[in-house]
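>>> have a look; sequence and predicted model below, questions after that.
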Amino acid sequence: MKPSAGFREWLLALGVSVGTALLVIAPFFWLGNASGHDFGFHAASWLDAAGQWREGIFFPRWTEWANHGFGEPRFIFYPPLSWMLGAALSLVVPWNAVPGVFIVIVQTMAGLCSFALARRFLPKNAALFGAPCYAANPYALLVVYMRSDFSEQLACALMPLVVLTALQLCGLVENRQRSLSRAIALFALVFAAAWLSNAPAAVITSYSVALLFVWAAIEKKSLLPLWRGAGGLALGFALASFYLLPAAYEQRWVNIGQVLSLGLQPADNFLYTMGNDPEHNVFNWIASSVAVLLLVMTGIAGIAARRGTADQKGETRDLWRVLLLLSAVAAFLMMRPSSFFWEHLPKLRFVQFPWRWMAIVAVPYAYFSAAAMMRRRMRWIWCAAVLAAVCGTAMLLVKKTWWDSDDIRSLQEAIANDQGFEGTDEYDPVGDDHTNLPEKSARTQVLPAEESGGHAPEAEIRIERWTAEERIVRVISSEPLRVALRLLDYPAWRVEVNRKPVKPEHAENNGAMIVALGPGTQRITARFVRTADRTLGSVVSLLGALTLLALLNAGGVRLLSASP
């Protein structure tokens with residue numbers, strides 16, 4: 001294409017994607033925000049991160065207001081892109097508008113990524129149809145209306161680009177830049193972005209691209225696609241290591257196993273699985289029905305796309321087979337006969353919900369829908385079918401979800417009143433039971449010197465500094481005493497008394513810090529320090545970034561050279 005023609009096409013794709021995203025959030029304008037299952041979790045993370053930015057902490061690690069102010073290491077384990085984007089949006093729009101603006105931005109990006117994949121193989125008009133098909137696909141509607149999982153929504157937006165860059169890297173489609181180094185760099189960049197968006201979606205992405213690389217090796221009867229794929233995966237993991245290494249290493253410090261508690265295991269969430277929880281059964285039935293609808297639509301569109309491209313050769317037919325393979329594998333993994341793989345494949349069980357594989361099915365669905373538009377006889381029929389499926393799904397989900405515009409306001413008031421919000425089971429530090437933490441607690445509390453009992457001595461307490469990552473308290477007392485801090489013990493917290501390291505005690509039924517002090521003036525300092533795993537992760541990511549720049553430079557993108 002001529003540069004001007006390409007620019008006009010992308011501008012048109014942007015307009016179509018923005019329009020579709022606005023239609024997706026249209027009910028928000030009169031019903032308020034869709035308050036799905038994870039809405040409170042994400043809104044609380046946005047508020048906490050934004051508050052820490054005001055304290056001068058650019059990359060938060062400790063969630064200050066979780067567990068009613070006792071905190072938790074949520075930001076170490078939860079990928080950063082979504083909660084940083086939500087916090088950033090609060091700087092330019094009112095808090096109550098952040099969810100809607102977030103969805104518009106992400107679904108617009110989803111449409112553009114789908115257009116990039118479809119336009120690589122299809123004419124402009126067909127590719128333009130694929131953009132809204134992906135931006136408003138049934139699974140995206142389920143995530144937006146009933147789940148409010150903003151991080152998974154962000155990861156799903158990148159899926160078409162992950163597939164496209166993986167296909168170019170392994171050689172199943174032509175690499176038009178004719179640069180292996182650039183193909184590796186582009187794939188690694190998008191793959192790392194998926195991991196920095198949502199961990200379960202990234203696990204699905206990892207297995208999907210691994211399947212593509214294996215398929216390419218079989219098709220080409222060569223190990224070269226596997227070596228290329230391994231290089232791209234290694235660089236992608238390196239780029240995301242500043243998050244991945246601490247999250248992997250510090251799992252031993254939290255109750256991460258709670259992420260697979262009853263009702264959250266794959267066995268409880270295969271298609272149409274019924275259990276003892278009526279609410280869970282209702283939602284699983286809805287999710288299962290959306291999955292079946294998406295699979296049926298993908299199958300019909302795939303047949304139409306195959307006939308529409310029957311005269312084409314080479315990579316178009318290869319793409320059709322690859323997308324059909326991904327759809328078939330995803331459909332199988334949503335059903336109970338796949339239990340063996342969920343139990344034995346590394347980390348697959350942490351996806352929790354088998355119907356999350358709809359994130360992959362949505363990519364073939366959008367591409368096949370775009371390709372089906374090349375058949376003149378079926379064009380309007382298929383357009384009507386897609387519109388009916390999307391509108392019907394949206395109407396059902398809008399009726400079933402909970403609409404509320406007070407969630408964010410309630411969280412803001414809780415923070416303003418120094419009360420915070422609830423914590424999460426899986427990020428609770430080992431040795432703590434966050435259900436035993438009081439909902440209202442002072443930042444400091446004087447306790448008797450002996451745990452056995454007695455009266456708490458009189459003491460003067462001055463809080464000199466109290467931020468998310470630093471607590472400084474001065475205590476003046478004529479008798480020995482203990483001071484309870486509103487802070488959970490975690491290995492990254494370094495506690496000192498008069499600049500000498502001490503090991504804090506714990507409460508009887510939770511992991512809150514208690515510091516024993518002698519008489520006189522004592523200065524307690526608690527700082528959230530950089531642990532060795534975080535330092536190592538940052539170093540690996542820096543090396544990955546330098547490698548990425550070198551590959552792009554070698555591939556023709558002059559970032560490291562002053563020459564034109």
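That came through fine. Residues are numbered from 1 along each chain as shown.
>>> wait, residue 124 touches residue 8, no?
No - if you go by Cβ atoms under 8 Å, residue 124 and residue 8 don't touch, sitting 9.3 Å apart. Yep, even glycine has a C-beta here, placed from its N, CA and C like the rest.
>>> the more surrounded of those two?
More neighbours surround residue 124 than the other of residue 124 and residue 8, with 17 against 13 (other Cβ atoms under 10 Å).
>>> ok, residue 546 to residue 228 distance?
To residue 228, residue 546 is 20 Å away according to Cβ to Cβ, to the nearest Å.
>>> neighbour count winner among these two?
More crowded of residue 546 and residue 228, by other Cβ under 10 Å: residue 228, with 22 against 12.
>>> and the more buried one, what element?
Element membership of residue 228 [criterion: DSSP states H and E] is helix 224-239.
>>> now for that helix, which elements pack on it?
Counting contacts by 3 or more Cβ pairs under 8 Å, 6 or more residues apart in numbering; DSSP states H and E, helix 224-239 packs against helix 150-170, helix 180-195, helix 199-220, helix 532-554.
>>> identify the residues contacting the residue nearest to the spatial centre of the chain.
For the chain, the residue nearest the mean C-alpha position is residue 198 (2.2 Å; Cα atoms, centre = their mean). Taking Cβ atoms under 8 Å, 6 or more residues apart in numbering, we find residue 198 in contact with 79, 82, 149, 151, 152, 154, 155.
>>> and what of residue 501?
With contact set as Cβ under 8 Å, 6+ apart, residue 501 has these partners: 494, 495.
>>> got the phi/psi numbers for it?
phi -60, psi 140 (degrees, to the nearest 10).
>>> cool, and residue 464?
Residue 464 adopts backbone torsions of phi -80, psi -30, taken as degrees, to the nearest 10.
>>> for the spatially closest residue to it that is not a sequence neighbour, give me the pLDDT.
Once flanking residues are discounted, residue 464 sits nearest to residue 472: 4.4 Å by Cβ to Cβ, 6 or more residues apart in numbering. pLDDT recorded at residue 472 is 96.
>>> specify the angle between the helix holding residue 228 and helix 532-554 in degrees.
With axes from the mean of the first three to the mean of the last three Cα atoms, to 10 degrees defining the directions, helix 224-239 sits at 130 degrees from helix 532-554.
>>> what is the following helix or strand past helix 224-239 packed up against?
Sequence order places helix 241-249 as the next helix or strand after helix 224-239, per DSSP H and E. For helix 241-249, the elements it packs on are helix 74-77, helix 532-554, judged by 3+ Cβ pairs under 8 Å, 6+ apart.
>>> just the angle between helix 241-249 and helix 224-239, please?
Using the same axes, to 10 degrees: helix 241-249 against helix 224-239 is 90 degrees.
>>> how about helix 241-249, which residues are buried there?
The neighbour-count check on helix 241-249 (16 or more other Cβ atoms under 10 Å) flags 241, 242, 243, 244, 245, 246, 247, 249 as buried.
>>> what do you get for stretch 285-305?
Residues 286-295, 297-302, 304-305 are the ones in stretch 285-305 that count as buried (16+ other Cβ under 10 Å).
>>> quick check: mean pLDDT of that stretch?
Averaging pLDDT along stretch 285-305 gives 95.
>>> swap in stretch 163-176?
The average pLDDT for stretch 163-176 rounds to 88.
>>> then stretch 239-253?
For stretch 239-253, the mean pLDDT works out to 96.
>>> end to end, how far does that stretch reach?
24 Å (Cα to Cα, to the nearest Å).
>>> picking that back up, right, and the helices and strands packed on helix 224-239 - which one's nearest residue 386?
Residue 386 lies closest, by Cβ to Cβ, to one member of the helices and strands packed on helix 224-239: helix 150-170, at 16.8 Å.
>>> just the CA trace of the closest one, in CSV.
Below are the C-alpha coordinates for helix 150-170, written out as CSV (Å, rounded to 0.1, in the frame of the first residue of the first chain):
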residue,chain,number,x,y,z
PHE,A,150,-9.8,-5.2,33.6
SER,A,151,-6.4,-6.9,33.5
GLU,A,152,-7.7,-9.9,31.5
GLN,A,153,-9.5,-7.5,29.2
LEU,A,154,-6.2,-5.8,28.5
ALA,A,155,-4.4,-9.0,27.8
CYS,A,156,-7.2,-10.2,25.5
ALA,A,157,-6.8,-7.0,23.5
LEU,A,158,-3.3,-8.0,22.6
MET,A,159,-4.1,-11.6,21.5
PRO,A,160,-4.4,-11.0,17.7
LEU,A,161,-1.1,-9.2,17.7
VAL,A,162,0.5,-12.1,19.7
VAL,A,163,-0.8,-14.5,17.1
LEU,A,164,0.4,-12.4,14.1
THR,A,165,3.9,-11.9,15.5
ALA,A,166,4.2,-15.6,16.5
LEU,A,167,3.2,-16.7,12.9
GLN,A,168,5.8,-14.4,11.4
LEU,A,169,8.5,-15.6,13.8
CYS,A,170,8.0,-19.3,13.2
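>>> just the angle for that helix relative to helix 199-220, thanks.
20 degrees.
>>> give me the angle between helix 150-170 and helix 180-195.
With the same axes, to 10 degrees defining the directions, helix 150-170 sits at 160 degrees from helix 180-195.
>>> other SSEs contacting helix 150-170?
Secondary elements touching helix 150-170 (3+ Cβ pairs under 8 Å, 6+ apart): helix 80-89, helix 98-119, helix 138-142, helix 180-195, helix 199-220, helix 224-239, helix 315-333, helix 358-372.
>>> try it again with 6 Å
When contacts are defined as 3 or more Cβ pairs under 6 Å, 6 or more residues apart in numbering; DSSP states H and E, helix 150-170 packs onto helix 80-89, helix 98-119, helix 180-195, helix 199-220, helix 224-239, helix 358-372.
>>> quickly compare those and say which is most buried.
For these, the largest average neighbour count (mean count of other Cβ atoms under 10 Å) is found in helix 358-372, namely a mean of 29.
>>> next up, the contacts around the residue nearest to residue 348 when sequence neighbours are not counted.
Nearest-residue entry for residue 348: residue 342, 5.6 Å, with adjacent residues in sequence omitted and distances by Cβ to Cβ, 6+ apart. Applying Cβ atoms under 6 Å, 6 or more residues apart in numbering, we find residue 342 in contact with 266, 348, 349.
>>> now do the strands in the stretch 401-550 of the chain.
Along the stretch 401-550 of the chain, counting by DSSP state E, counting those that start in this stretch, strands occupy 444-447, 459-466, 470-477, 481-488, 493-497, 500-501, 505-506, 512-517, 520-528.
>>> residue 256 is nearest to which of those?
Nearest to residue 256, of all these, is strand 481-488, at 15.4 Å by Cβ to Cβ.
>>> centre of the chain to the longest helix seen in the chain, how far?
Scanning the chain for the helix with the most residues, using DSSP state H, yields helix 278-308. Relative to the chain's own centre, helix 278-308 is displaced by 23 Å; criterion: Cα atoms, centre = their mean, to the nearest Å.
>>> tell me the residue in this protein that is farthest from the middle.
residue 478 (51.4 Å).
>>> measure it to residue 445 for me?
In this view, residue 478 and residue 445 are 18 Å apart by Cβ to Cβ.
>>> all good on my end, thank you.
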